[in-house]
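> Have a look at this prediction, sequence included:
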Amino acid sequence: MITRRTFLATSGSVAAAGSSGFSAETNPLFSVGLIADAQYVDADPGGIRHYRNSIKKLSAAVKSINEADVDFSIHLGDLIDRDFASFDDILEPLRDLKSSVYQILGNHDFSVAEDKKPEVAAKMGITNPYYAFSKGGVRFIFLDGTEVSTFAQPKGSTIHQQASEMLAEYVAKGRKSAKSWNAAIGPEQMKWLEAQLKEAASSGDKAIISCHYPILPDNSHNLWNDQEVLAVIERFPGVVVAWLNGHNHAGNYGERNGVHFVTIQGMVDTPDSNAFAVMDVLPDRLKIRGSGRVPDRELRF
């Protein structure tokens, strides 16, 4: 978790084009800022990705999120595109947030030198790769979708070998998500997720799960073991109300058995249109007030 500290704000601003058509809910339980895939690096644009512009976009998003008076924010992974030094630049705008921001590990966050990979989580303010807390009758569960991967683990390590074998297996099975930039949740984390959902069910809490990777709809960006994770969630009907993720910069949405699966659009895409949202949490629904490329959604449960 990164807390606010005083600093000289990054100069410049980006208009929140296409800002929300929803007004702020008058009596939400609380509100949360949502950002995905800032994916900053000091580099020229690559295709539709405008890496340098993420500094200004994130500064503009922070200003709007502060004005919305949220209780905390979530960045859904891929804070940088590459180069460990990129963290120093892109973390600066986040430090102007008036409330806490919770980070999630993404695949591009590990696009750094091999000897820097063990330092990534700490640099992002993450003390545990997966973690949870409860607020207002909602359990927020943050997963590490990069755990079993060919990019986050040292080459030659046991997990790297397991990831290589899993990827080969899923390629052979024809899974859409069997791509090297995707990854999987390991067995211990899966047990931890199940324990979190069991505890939420026992306490009468709803649960919102956040991960860098989607698991629904079926898509080439999904976790390798998306079907297995879905099976765990569906063992606790009525508990999980939403899954929030980034990774697929185009955004996406699906619903299954009362669970809303929301992919937040990537901030790095486009030269000037922004992408972020404020989510109002109410007793019977989530109200997403999108800005820029993120659409408004009302998700009832």
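Yes, it's here. Residues are numbered from 1 along each chain as shown.
> ok, residue 251 - how many residues close by?
18 (other C-beta atoms under 10 Å). Placement of C-beta: from N, CA and C, glycine included.
> residue contacts, the closest residue to it other than its chain neighbours?
Distances taken as C-beta to C-beta, 6 or more residues apart in numbering put residue 265 closest to residue 251, at 4.0 Å, once the chain neighbours are dropped. By C-beta atoms under 8 Å, 6 or more residues apart in numbering, the residues touching residue 265 are 36, 249-251, 275, 292-294.
> So residue 265, which state does it fall into?
Here residue 265 is coil, with the state taken from DSSP: H, G, I helix; E, B strand; the rest coil.
> mind starting the numbering at 54 from now?
Happy to do that; since the first residue is 54 now, the last one works out to residue 318.
> Residue 298 versus that one, what's the distance?
11 Å (C-beta to C-beta, to the nearest Å).
> shared neighbours, these two?
Counting by C-beta under 8 Å, 6+ apart, the contacts common to residue 318 and residue 298 are residue 89.
> per-residue confidence at residue 71?
The per-residue pLDDT reported for residue 71 equals 44.
> which residues of the stretch 204-353 of the chain fall in helices?
For the stretch 204-353 of the chain, the helices defined by DSSP state H, counting those that start in this stretch cover 211-226, 240-256, 279-286.
> I'd like to know which of those lies nearest to residue 340.
Set against residue 340 and scored by C-beta to C-beta, the helices of the stretch 204-353 of the chain come closest in helix 240-256, at 21.3 Å.
> Tell me the buried residues in that closest one?
Buried residues in helix 240-256, counted by 16 or more other C-beta atoms under 10 Å: 242-243, 245-246, 249-250, 253-254.
> Spatially, what comes nearest to residue 114 if we skip its sequence neighbours?
In space, and not counting its chain neighbours, residue 114 is closest to residue 329: 4.1 Å by C-beta to C-beta, 6+ apart.
> List the beta-bridge partners for the one you found.
residue 88, residue 344 (DSSP bridges).
> returning to that earlier point: the helices of the stretch 204-353 of the chain into TSV, with extra columns for mean pLDDT?
Formatted as TSV, those follow (pLDDT from 0 to 100):
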stretch	mean pLDDT
helix 211-226	95
helix 240-256	98
helix 279-286	97
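> Go through those and name the closest to residue 178.
Closest to residue 178 of the helices of the stretch 204-353 of the chain is helix 240-256 (C-beta to C-beta; 19.6 Å).
> And that closest one, how far out from the chain middle?
20 Å (C-alpha atoms, centre = their mean, to the nearest Å).
> Nearest residue to the middle of the chain?
Centre of the chain computed as the mean C-alpha position; nearest residue by C-alpha atoms, centre = their mean is residue 129, 1.6 Å away.
> you'd agree that one is up against residue 267?
No. Counting by C-beta atoms under 8 Å, residue 129 does not reach residue 267; the two are 10.2 Å apart.
> joint contacts of those two?
With contacts defined as C-beta under 8 Å, 6+ apart, the residues adjacent to both residue 129 and residue 267 are 298, 300.
> ok, the residue nearest to residue 106 when sequence neighbours are not counted to residue 91 distance?
In this structure, residue 106 finds its nearest non-sequential neighbour in residue 324, 6.2 Å apart by C-beta to C-beta, 6+ apart. Residue 324 sits at a distance of 15 Å from residue 91 (criterion: C-beta to C-beta).
> Next: residue 209.
Using C-beta to C-beta, residue 209 is found at 31 Å from residue 91.
> what about those two, which has more around it?
More crowded of residue 209 and residue 91, by other C-beta under 10 Å: residue 91, with 32 against 7.
> Give the full set of residues in contact with the more buried one.
Remark: with contacts taken as C-beta under 8 Å, 6+ apart, residue 91 is in contact with 107, 110-111, 128, 131-133, 143, 320-321.
> Please apply the same query to residue 286.
Counting by C-beta under 8 Å, 6+ apart, residue 286 makes contact with 250, 262, 293, 296, 312.
> 6 Å instead?
residue 293 (C-beta atoms under 6 Å, 6 or more residues apart in numbering).
> now do the same end-to-end measure for stretch 310-323.
Length of stretch 310-323, first residue to last, C-alpha to C-alpha, to the nearest Å: 34 Å.
> Residue 319 against residue 90, yeah?
Yes. The pair residue 319 / residue 90 is scored as a contact, 3.5 Å apart, by C-beta atoms under 6 Å.
> overlap in contacts of the two?
residue 302.
> Excluding sequence neighbours, find me the nearest residue to residue 160.
residue 234 (5.2 Å).
> how near is that neighbour to residue 226?
For residue 234 relative to residue 226 (C-beta to C-beta), the value is 18 Å.
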